[in-house]
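1. next come a sequence and a model predicted from it.
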Amino acid sequence: MKVNKIVVLQLMMSMVLMLGTASCSKKSSSSHASRATGWDVDSQNGTAARNAGKKQQAGPGLVFVEGGTFTMGKVQDDVMHDWNNTPTQQHVQSFYMDETEVTNGMYLEYLEWLKKVFPPTEENYKNIYEGASPDTLVWRNRLGYNETMTNNYLRHPSYANYPVVGVNWIQAVEFSKWRTDRVNEAVLEKDGYLKKGAKTTDVSAESLFNTEAYLASPSTTYGGNEELVLKKNPNGRRPKANKDGVVEEKNVYAQRSSGVILPEYRLPTEAEWEYAAAADVGQREYNIYKGQKKYPWSGDYTRSAKRKNKGDQLANFKQGNGDYGGIAGWSDDGADITNAVKSYAANDFGLYDMAGNVAEWVADVYRPIIDNEANDFNYYRGNQYAKNKIGKDGKLEIITKENIKYDTLSNGKVVARNLPGEIAQVPVDENETYLRTNFSTSDNINYRDGDKQSSKYFDFGDSESGTKADQTMYNSPKHNITTDSLGKVLRKYDNSSKRTTLIDDKVRVYKGGSWRDRAYWLDPAQRRYFPQDMATDYIGFRCAMSRVGSKAERRKSPRN
């Protein structure tokens, strides 16, 4: 019996040790325990560690586009035989893209907000609303009667779901910035970081929400109104008080590490747009992977081969001379000018009208050649790096109504460069570029952009044979707009006969065919360019948003 008692005692001690080990193991694997230190991140306010693995939510109107590799610039028909579509292998990271083009209804929401916040009747704001308004005169034609569209296309409710046109590249970029702030404002209000109804409470130019300004200095948002800008416990629970009634947990403003603020809405890069339009994800044939797909849909024809809608046109485009839609009631594509979004089937990414309806602005500055030797990952030409401006008082300089900057475009249109509530920006300097190997200047538009000998009028040493302007890589016209002492606008049109190209640093790529284009331009790889400060009746745009975190939305983790 004595031996049995010893055995029982040993077994009991073993069980106690096992339970203790299990308890320690359970404690160390707590979801709130840091993998780096073992500390409870809740008690240490470890926001980043606590939110680790939190997935990005798609913004309103966006569709997920899983990234991958593709052959950029590969066109099936190349009747021009130029360098404009030299095929290159590129890789694009996952991103989000608007399901449809930005519509008249969406853009009118932007204009109404601008009119409310920046009344055109006030001197300081008189150019903001007008500078953002689309150019409705793009519909006019010397030998055509289009006044109906001139007067109605933008504002008549019949066209509310039609893509907005008459918008230049600069206006499209400014719309994207406005959309970023309004979406994040709504997200923070929904998540409890802003008082409910804050986004519509006494909105004025002196009390605006700006995403970057909020992240840099939350307490100054809405003009420093602490009743609207709230703090929240990071773990989402109510703060707990200790036995003495003291709340030890901290409430904080939202930060990037909170995982609720979305990246900015922006124009897609050319590589992103082409990749999304081609939608190779729906194909698995080898020739498709190598870039032989002609349209955003499968097949080499513009008409559907499916039984339920056989013969129907799959996009809105010009079918021939004097034929913008087909014979009425038969063989018709359903439109003569633009058409309502979602009138045609989506591609394999779920994106509508990536061919036809309207062509679309993308972010890139145009150059004939894609320099894949310099980069084959997220290719983009147009980087101009900037940083927040620090005032003389050592604080961030926030734009106010007194220091709004305006730019006069080459066509005389006046647009706001920045708006109140935004952080003033300046180009990066040697503090950011010194001893770097990945970038050395703020403006990288002309990086590896040919040489002077490429110019037709390059001077090999005889200074009398040409001017400095003639010896640049892209010798484009230089139209000039100035004002005299009385404020009168003076327009100087460049009539020089020595200009050799229309390409310069202010022309942007646009992609996709439109209602004015033949089927040749429906190929996603086709590319054209247009001045960034001019608009047409056939170019619109859609927004994109970068994907942070994992490449795929749904993918099983590899087994250990």
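-> Ah, there it is.
2. for residue 153, give me phi and psi.
-> phi -60, psi -40 (degrees, to the nearest 10).
3. which ones are touching the residue nearest to residue 205 when sequence neighbours are not counted?
-> Distances taken as Cβ to Cβ, 6 or more residues apart in numbering put residue 420 closest to residue 205, at 4.6 Å, once the chain neighbours are dropped. Just so you know, the C-beta spots here come from the backbone N, C-alpha and C atoms, and that holds for glycine as well. Residue 420 makes contact with 205, 206, 208, 398, 399, 400, 401, 404, according to Cβ atoms under 8 Å, 6 or more residues apart in numbering.
4. go on, residue 183?
-> 59, 60, 262, 265.
5. how much space between the last one and residue 403?
-> Taking Cβ to Cβ, to the nearest Å as the measure, residue 265 and residue 403 are separated by 25 Å.
6. cool, and the second one?
-> Remark: distance between residue 60 and residue 403 (Cβ to Cβ) = 32 Å.
7. one more: the first one?
-> Using Cβ to Cβ, we find residue 59 at a distance of 30 Å from residue 403.
8. quick one: which of the two has more around it?
-> Using other Cβ atoms under 10 Å, the more surrounded residue of residue 59 and residue 403 is residue 59, with 20 against 12.
9. so what's the residue count around the residue lying closest to residue 174 once chain neighbours are set aside?
-> Residue nearest to residue 174 in three dimensions, not counting chain neighbours: residue 132, with 6.4 Å by Cβ to Cβ, 6+ apart. Other residues lying near residue 132 total 22 when counted by other Cβ under 10 Å.
10. pLDDT score for residue 132?
-> In this model, residue 132 is scored at 95, pLDDT.
11. that one: what's it in contact with?
-> Contacts of residue 132 were listed using Cβ under 8 Å, 6+ apart, and they are 110, 111, 114, 171, 174, 175, 415, 416.
12. which phi and psi does it have?
-> In terms of degrees, to the nearest 10, the main-chain angles of residue 132 are phi -90, psi -10.
13. please apply the same query to residue 174.
-> With angles defined as degrees, to the nearest 10, residue 174 sits at phi -70, psi -40.
14. list the contacts for it?
-> Applying Cβ under 8 Å, 6+ apart, we find residue 174 in contact with 132, 415, 416.
15. just put these in a markdown table and tack on distance to residue 66.
-> Putting the contacts of residue 174 into a markdown table (distance: Cβ to Cβ, whole Å) gives the following:
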| residue | distance to residue 66 |
| --- | --- |
| 132 | 34 |
| 415 | 36 |
| 416 | 37 |
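16. nearest to residue 223, of those?
-> Using Cβ to Cβ, residue 416 comes nearest to residue 223 of those, at 19.5 Å.
17. shouldn't the closest one be in contact with residue 127?
-> Yes: Residue 416 lies in contact with residue 127 (Cβ atoms under 8 Å); the separation is 6.6 Å.
18. now list whatever residues contact both of these two.
-> Counting by Cβ under 8 Å, 6+ apart, the contacts common to residue 416 and residue 127 are residue 406.
19. list the contacts for residue 232?
-> 191, 192, 193, 251, 252, 253, 254.
20. I misspoke; the intended subject was residue 429.
-> Residue 429 makes contacts with residue 442, as judged by Cβ under 8 Å, 6+ apart.
21. so where's the stretch 351-500 of the chain uncertain?
-> Across the stretch 351-500 of the chain, the ranges flagged by pLDDT under 70 are 450-472, 487.
22. neighbours around the residue lying closest to residue 61 once chain neighbours are set aside, how many?
-> Spatial nearest neighbour of residue 61, chain neighbours left out: residue 98 (5.3 Å); criterion: Cβ to Cβ, 6+ apart. Other residues within reach of residue 98 by the criterion other Cβ under 10 Å amount to 26.
23. pull up the pairing partners for the biggest strand by length in the chain, direction included.
-> Ranked by residue count and defined by DSSP state E, the top strand of the chain is strand 359-365. Its sheet considered, strand 359-365 pairs with strand 507-511 (antiparallel), strand 539-540 (parallel) by DSSP bridges.
24. what's the first helix or strand after the first one?
-> Secondary structure here is assigned by DSSP states H and E; on that basis, the next helix or strand after strand 507-511 toward the C-terminus is strand 527-531.
25. for stretch 338-357, what is the distance to the chain centroid?
-> Put simply, stretch 338-357 sits 19 Å off its chain's centre (Cα atoms, centre = their mean, to the nearest Å).
26. list the buried ones in that stretch?
-> 338-341, 343-344, 346-347, 349, 351-357 (16 or more other Cβ atoms under 10 Å).
27. between which two of these is the distance greatest?
-> Farthest pair in these, by Cβ to Cβ: 338 and 349, 21.7 Å.
28. okay, and the beta partners of residue 396?
-> residue 390.
29. quick one: contacts for it?
-> By Cβ under 8 Å, 6+ apart, the residues touching residue 396 are 213, 216, 217, 388, 389, 390, 423, 424.
30. next one: residue 237, what pLDDT does it get?
-> So, for residue 237, pLDDT stands at 57.
31. now residue 211
-> 94.
32. number of residues surrounding it?
-> With other Cβ under 10 Å as criterion, residue 211 counts 22.
33. with adjacent residues omitted, what lies nearest to it?
-> That would be residue 184: by Cβ to Cβ, 6+ apart, it lies 4.7 Å from residue 211.
34. how close does the one you found sit to residue 420?
-> Taking Cβ to Cβ, one finds residue 184 at 17 Å from residue 420.
35. understood, closing this out.
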